[in-house]
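Visitor: model this:
(one chain, ligands or ions: 2)
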Amino acid sequence: MSGLVHILAIESSCDETSAAVCRDGIILSNIIAGQDVHEKYGGVVPELASRAHMQNIIPVVDQAVSRSGISLKDIDAVAFTQAPGLIGCLLVGSGVAKSIALALDKPIISVHHMQAHVLANLIPDQKPSFPFLCLTVSGGHTQIVRCDGPLDLTVLGETIDDAAGEAFDKSAKLLGLPYPGGPLIDRHAQNGDPSRFHFPEPQVPGLDFSFSGVKTSILYFLRDQLKDNPDFIHQHLNDICASIQQTIITILLKKLKKASLETGIHEVCLAGGVAANKGLRSSLQEWGRKMHWKTYVPDLEYCTDNAAMIAITGYHKYQAGVFTDLSVSATARAGW
Ligand code: KG4
Ligand code: ZN
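Guide: Numbering: from 1, shown residues only. Ligands and ions are numbered 1, 2, ... in the order given. As a prediction, the model looks like this:
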């Protein structure tokens, strides 16, 4: 095995317990255990998430290693999500990563979750060339990132309030859909008319985003409609979902277009859980044709939280000799 670099990676920042192994930047395994326990609470409950990580993490790591076809002794370094995320959840992953590294006498590599989402675009054979722009849209973040190299990332714009994923999930909640509602809005939108209802787009300067106004306008719109027709949501669910989705997508892609025009960059990627949205994926291609972009979207399993993206980031840090020591601790909030 000498000459090849094997990274074991662990991700536990929110409600997915995941472990992955990569060899020279090629993903050999990526195991993800979700947590259904939060569904009845309408959102992730941090304490329950930490407990579920504790139950899942060892079997998930075991499975990732056995699925990869290598053995633990072949691992060259252990990468883990250090920030940002729910602190109790991050502590489970970082504790296990440090223990494995210590037992194997191998270095550890700390990874920023949002950087890793961007670098998920380096997993497929068809990779963007540098510099590229990445629209990272998840449950906690919405960012436009300029990427000049695997470890040379600059945030050009971000949300000043809710993230795009929150806009999906909170809208879904207003419609009475269970958590997380983003995928359900996506599903209903496929059979709806996106031009049926109109919600105002926020006016935010520069490359920053805002979604709290959209949520409020949906709230007032539904309240008014329900006054006249208590069955309004049920009767028009597909059209409402399609219209909400269209509004969010337009806000996102207008800023991406602005970023491309300002930077002159035409390599354009998506990342994060909301990048799983079918409407966003197809709209990116449509806008890309008009704007002469080359567009890239990671496979679905690399869009939502996963350890493969931590492994690929860990691999690039390994190549650059960027390691951490065992004293590093997980951090809930962290810029980069
Ligand atoms: O990246 P991610 O898995 O976790 C965070 O780091 O936040 O993103 C989760 C978010 C949730 O808000 C979820 O509703 C949203 O991604 N999401 C979607 C879709 N799949 C996941 N939103 C819209 N359409 C989807 N298909
Ligand atoms: Zn994420």
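Visitor: Please give me every residue in contact with Asp208.
Guide: 157-160, 255 (Cβ atoms under 8 Å, 6 or more residues apart in numbering). C-beta: built from backbone N, CA, C; applies to glycine.
Visitor: Okay, it and Val155: tell me how far apart.
Guide: 10 Å (Cβ to Cβ, to the nearest Å).
Visitor: picking that back up, of all the contacts of Asp208, which comes closest to Asp105?
Guide: Of all the contacts of Asp208, Glu158 has the smallest distance to Asp105: 39.2 Å, by Cβ to Cβ.
Visitor: isn't there a helix covering the closest one?
Guide: No. With DSSP: H, G, I helix; E, B strand; the rest coil as the criterion, Glu158 is assigned strand and is not in a helix.
Visitor: That one against Gly140, yeah?
Guide: No. Between Glu158 and Gly140 there is no contact under Cβ atoms under 8 Å: 11.0 Å.
Visitor: Between the two, tell me which one has more neighbours.
Guide: Gly140 (19 against 16; other Cβ atoms under 10 Å).
Visitor: count of neighbours near the nearest residue to that one once chain neighbours are set aside?
Guide: Nearest non-adjacent residue to Gly140, counting by Cβ to Cβ, 6 or more residues apart in numbering: Ala163, 5.5 Å away. Neighbour count for Ala163, taken as other Cβ under 10 Å: 23.
Visitor: swap in Gln203?
Guide: Using other Cβ under 10 Å, Gln203 is surrounded by 7 other residues.
Visitor: Just to be sure, it is in a helix?
Guide: No. Under three-state DSSP, Gln203 falls outside any helix and is assigned coil.
Visitor: now it: how far from ligand 2?
Guide: For Gln203, the distance to ligand 2 equals 28 Å [Cβ to the ion, to the nearest Å].
Visitor: Show the pLDDT at that residue.
Guide: Per-residue confidence (pLDDT) for Gln203: 93.
Visitor: so what does the top helix by length along the chain touch, helix or strand wise?
Guide: In the chain, with assignment by DSSP state H, the single longest helix is helix 232-263. Helix 232-263 is packed against strand 132-137, strand 142-149, strand 152-158, helix 164-174, helix 182-189, helix 212-228, helix 278-291, with contacts defined by 3 or more Cβ pairs under 8 Å, 6 or more residues apart in numbering; DSSP states H and E.
Visitor: Does ligand 1 have contacts with the fifth one?
Guide: Yes. Applying Cβ under 6 Å from any ligand atom, one finds helix 182-189 touching ligand 1 at 182-183, 186.
Visitor: Kindly report the same for the first one.
Guide: No. Contact of strand 132-137 with ligand 1 (Cβ under 6 Å from any ligand atom) is absent, the minimum separation being 7.4 Å.
Visitor: please renumber so the chain begins at 141
Guide: Taking 141 as the first residue, the last one we looked at is strand 272-277.
Visitor: what residues does that strand touch?
Guide: By Cβ under 8 Å, 6+ apart, strand 272-277 touches 254, 257-258, 261, 282-287, 296, 303-305, 392, 395-396, 399-400, 403, 405, 407-415, 420, 436.
Visitor: ok, 7 Å please
Guide: Contact with strand 272-277 is made by 254, 257-258, 261, 283-287, 304-305, 392, 396, 399-400, 403, 405, 407-412, 414-415, as judged by Cβ atoms under 7 Å, 6 or more residues apart in numbering.
Visitor: what angle separates that strand from strand 282-289?
Guide: 150 degrees (axes from the mean of the first three to the mean of the last three Cα atoms, to 10 degrees).
Visitor: Extract the C-alpha trace of strand 272-277 and format it as CSV.
Guide: The C-alpha coordinates for strand 272-277 follow below in CSV (Å, rounded to 0.1, in the frame of the first residue of the first chain):
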residue,chain,number,x,y,z
PHE,A,272,-14.4,28.4,-9.8
LEU,A,273,-17.5,29.8,-8.0
CYS,A,274,-19.5,27.7,-5.7
LEU,A,275,-23.0,28.4,-4.5
THR,A,276,-23.2,26.5,-1.2
VAL,A,277,-26.7,26.1,0.1
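Visitor: Parallel or antiparallel, list what pairs with it.
Guide: Strand 272-277 sits in its sheet next to strand 282-289 (antiparallel), strand 407-411 (parallel), going by DSSP bridges.
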